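Asks: just coords:
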């Protein structure tokens, strides 16, 4: 088995596909909440990105020990978008996913995820557990990576 920290992918967290506006995603509200939750974090507007112009927010979250999680939040449509954990381990991405689930999403059962690995393989979205700690979320994300590596 490969070292957990060496297994890095880009995770995408979003509301359910059939209810894409469920989070009522607002970049300013997201940034303010993130900055309050993670002392030392940064959130910077990037302007329009992507093939369909979308507002974007670049985020950086301190994880301790000099490690950082980089991310990108995009809203291609008003109140609709996703949050990317860029080149992250499952444990690192789980920290962001738990904050989204517990403090940003209006309900804990509204946080879904995929990864660049899954998108390359045409796999469906998975769901973040609606309860449990960061370790429980990381376990689901690790299992996802394992499934995509098979």
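Replies: Here it is on my side, so go on. Note that the coordinates shown come from a computational prediction; the quantities given were computed from them, not determined experimentally.
Asks: what's around the closest residue to residue 145 other than its chain neighbours, how many residues?
Replies: Spatial nearest neighbour of residue 145, chain neighbours left out: residue 7 (5.7 Å); criterion: CB to CB, 6 or more residues apart in numbering. Placement of C-beta: from N, CA and C, glycine included. A total of 18 residues lie near residue 7 under the criterion other CB atoms under 10 Å.
Asks: same thing with residue 131?
Replies: 9.
Asks: Report the secondary structure element holding the closest residue to it other than its chain neighbours.
Replies: Excluding its sequence neighbours, the residue lying closest to residue 131 (CB to CB, 6+ apart) is residue 108, at 6.8 Å. Using DSSP states H and E, residue 108 falls within no helix or strand.
Asks: From what I see, residue 108 and residue 132 are in contact.
Replies: No: using CB atoms under 8 Å, residue 108 makes no contact with residue 132, being 9.7 Å away.
Asks: residues contacting the residue nearest to residue 145?
Replies: Residue 7 sits next to 89, 90, 142, 145 when contact means CB atoms under 8 Å, 6 or more residues apart in numbering.
Asks: can you give me the helices in the chain?
Replies: Using DSSP state H, the helices of the chain run over 27-37, 90-99, 116-121, 134-149.
Asks: Go through those helices and pick out the most buried.
Replies: helix 90-99 (a mean of 23; mean count of other CB atoms under 10 Å).
Asks: could you give the angle of it to helix 27-37?
Replies: Inter-element angle recorded for helix 90-99 and helix 27-37: 110 degrees (by axes from the mean of the first three to the mean of the last three CA atoms, to 10 degrees).
Asks: for the record, mean pLDDT for helix 90-99?
Replies: The average of the pLDDT scores along helix 90-99 is 97.
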